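Visitor: here is a sequence together with a model predicted from it:
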Amino acid sequence: MPARTIPLVPLQITNAKPREKEYKLSDGGGLYLLVTPSGGKLWRLKYRLGGLEKKLALGAFPEISLADARQRREKAREQIANGIDPRAARKEQEAAMLLEQETFEIVAREWHNQFLPQWAPRTAEAILAMLARDVFGEIGDKPLAAINAPVLLTMFRRIEARGAAYTAHRVRGLCGQVFRYGVATGRCDRDPTGDLRGALTPIKTTHRAATTDPKEVASLLRMLAGYQGSLVVRCALKLLPLLFVRPGELRAMQWADVDLDKGEWSYMVNKTKTPHIVPLAKQAVAILREIYPLTGNLLYVFPSARTNARPISDMTLNAAMRRMGIDTKTEITGHGFRAVARTILDEVLGFRPDFIEHQLAHAVRDPLGRAYNRTAHLPERRKMMQAWGDYLEHLVAGEENKIIPLRIGKQ
């Protein structure tokens, strides 16, 4: 019959001196004090569960007194009696406490820092500024795992209430990226922004997602300019808003149709099967000269990464925008820049609608019902395209005050 353990007394613990090797002072019921050579006095509980012997750390003396250690022992023994492993239960509790400290702002800033190398400085600054302005003050101090769809919807409704429906959609996209990062790093179980599809005020568009607010256009342009993927995709993204042609036409652009010295791109419009000329603003020429050393000896200006015999795929540009956090369902698509240009050229820069329609390669006809030829109003369209290039350049630089409507042809 094993000898009965004599319970410890406080003075015995206080007077315990370190030895060359660690030793134990038992209190009974599996509880003992481990005295280390460095003088540490650590409470430990030895127990068996499922036929296996295990140990549980209960804290250090004197922070944890003898009475405290005994209370922790009894709590652990109660868990064991109910088939609960106290060590596993503690790990779960510690994990839950850690999640309480993982607030949205902490995880968002970590996500932002993680992806910082993929963004241009101006893009990274814009993303963080939007989060700081519209999100951190609302949910920044809340644990990421505790934030649900109703909490987010309340925040988005406040953004919409100030007339910024587009910004609400943009913020939703950024929050979704933070939550997905949180899922990947074990901070939360799911992305609740997915539950809000259809709950936000729709952005009014004609056919494709697009915004015509100059400030929002500027934000999009900065993000496109900051794309850190391949040069081919980056140049195509930068040309999309400048040329506002159909994305399929831009993808299929061939060097044989481009005259950089003259500043023109001539091609056959697939939709109408008619020849078309796109005057190239100096900004567009600069982008094409940037990519020329890479693809100038090939057929396509923007060849596929897999084969030079084909252009980039029809999903490449929208997929690139989505990777930057741009929601191509509610914010902008490659095709959406046509609507942006059409509205701003008319309402902001004051160009004649027929000039704009002709540049969009729509079926424009003269007063006698005849289709205009491809050179119709070419001098005016050349001025318009340069004014458009200058306008976008000023937007990106935050110099809206330098934009002067030309109102060419307007009465």
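Guide: That came in fine, so what should we check first? The model shown is predicted, which means the values in this text are computed figures rather than measured ones.
Visitor: so where's the protein shaky on pLDDT?
Guide: 1-4, 92-101, 120, 203-213, 325-335, 363-374, 399-411 (pLDDT under 70).
Visitor: how is it carved up into domains?
Guide: Following automatic domain parsing, one finds the domains of the chain at 10-94, 104-196, 214-402.
Visitor: could those domains be laid out in JSON lines, adding mean neighbour count?
Guide: Where C-beta positions appear, they are placed from N, C-alpha and C, glycine not excepted. Compiled in JSON lines, the domains of the chain are given as follows (neighbours: other Cβ atoms under 10 Å):
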{"stretch": "domain 10-94", "mean neighbour count": "14"}
{"stretch": "domain 104-196", "mean neighbour count": "17"}
{"stretch": "domain 214-402", "mean neighbour count": "18"}
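Visitor: could those be laid out in a markdown table, adding distance to residue 202?
Guide: What follows is those, written out as a markdown table (distance: least, Cβ to Cβ, whole Å):
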| stretch | distance to residue 202 |
| --- | --- |
| domain 10-94 | 43 |
| domain 104-196 | 8 |
| domain 214-402 | 8 |
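Visitor: pretty sure residue 218 sits against residue 391.
Guide: No. Counting by Cβ atoms under 8 Å, residue 218 stays clear of residue 391, with 10.3 Å between them.
Visitor: so how far is residue 192 from residue 7?
Guide: Distance of residue 7 to residue 192, given as Cβ to Cβ, to the nearest Å: 52 Å.
Visitor: residue 55 now?
Guide: For residue 55, the distance to residue 192 (Cβ to Cβ) stands at 40 Å.
Visitor: downstream of the helix or strand encompassing residue 346, the next helix or strand is which one?
Guide: Using DSSP states H and E, residue 346 falls within helix 336-347. Towards the C-terminus, the helix or strand next in line after helix 336-347, according to DSSP H and E, is helix 353-359.
Visitor: and that following helix, what does it pack onto?
Guide: helix 336-347, helix 378-396 (3 or more Cβ pairs under 8 Å, 6 or more residues apart in numbering; DSSP states H and E).
Visitor: could you dump the ones you listed to CSV with distance to residue 38?
Guide: Shown next, in CSV, are these (distance: least, Cβ to Cβ, whole Å):
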stretch, distance to residue 38
helix 336-347, 67
helix 378-396, 62
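Visitor: out of the ones you listed, which comes closest to residue 123?
Guide: Nearest of the helices and strands packed on helix 353-359 to residue 123, taken as Cβ to Cβ: helix 378-396 at 10.7 Å.
Visitor: for the closest one, packing partners?
Guide: helix 214-225, helix 231-243, strand 274-279, helix 282-295, helix 336-347, helix 353-359.
Visitor: okay, now the sheet partners of the third one, with direction.
Guide: What it means is strand 274-279. Here strand 274-279 is paired, per DSSP bridges, with strand 264-269 (antiparallel).
Visitor: next, the angle from the partner strand to helix 378-396.
Guide: With axes from the mean of the first three to the mean of the last three Cα atoms, to 10 degrees defining the directions, strand 264-269 sits at 100 degrees from helix 378-396.
Visitor: now residue 47: which helix or strand?
Guide: Assigning secondary structure by DSSP H and E places residue 47 in strand 41-49.
Visitor: repeat that for residue 70.
Guide: Assigned by DSSP H and E, residue 70 belongs to helix 66-81.
Visitor: could you give the angle of that helix to strand 41-49?
Guide: With the same axes, to 10 degrees applied, the angle from helix 66-81 to strand 41-49 works out at 20 degrees.
Visitor: in space, what's closest to residue 37 - neighbours in sequence excluded?
Guide: residue 18 (5.3 Å; Cβ to Cβ, 6 or more residues apart in numbering).
Visitor: was I right to think residue 264 contacts residue 281?
Guide: No. Contact criterion Cβ under 8 Å: residue 264 and residue 281 do not qualify, at 11.1 Å.
Visitor: just to revisit the earlier point, let me have the helices and strands packed on helix 378-396 in a markdown table, extended by distance to residue 104.
Guide: Listed next are these as a markdown table, based on distance: least, Cβ to Cβ, whole Å:
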| stretch | distance to residue 104 |
| --- | --- |
| helix 214-225 | 21 |
| helix 231-243 | 30 |
| strand 274-279 | 45 |
| helix 282-295 | 38 |
| helix 336-347 | 30 |
| helix 353-359 | 43 |
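Visitor: among these, which is nearest residue 121?
Guide: Nearest to residue 121, of all the helices and strands packed on helix 378-396, is helix 214-225, at 10.0 Å by Cβ to Cβ.
Visitor: re earlier: which residues sit against the helix holding residue 70?
Guide: For helix 66-81, the surrounding residues in contact (Cβ atoms under 8 Å, 6 or more residues apart in numbering) are 8-10, 13, 27, 29-31, 33, 43, 45, 47, 49, 56, 58-59, 61, 64, 85-86, 89.
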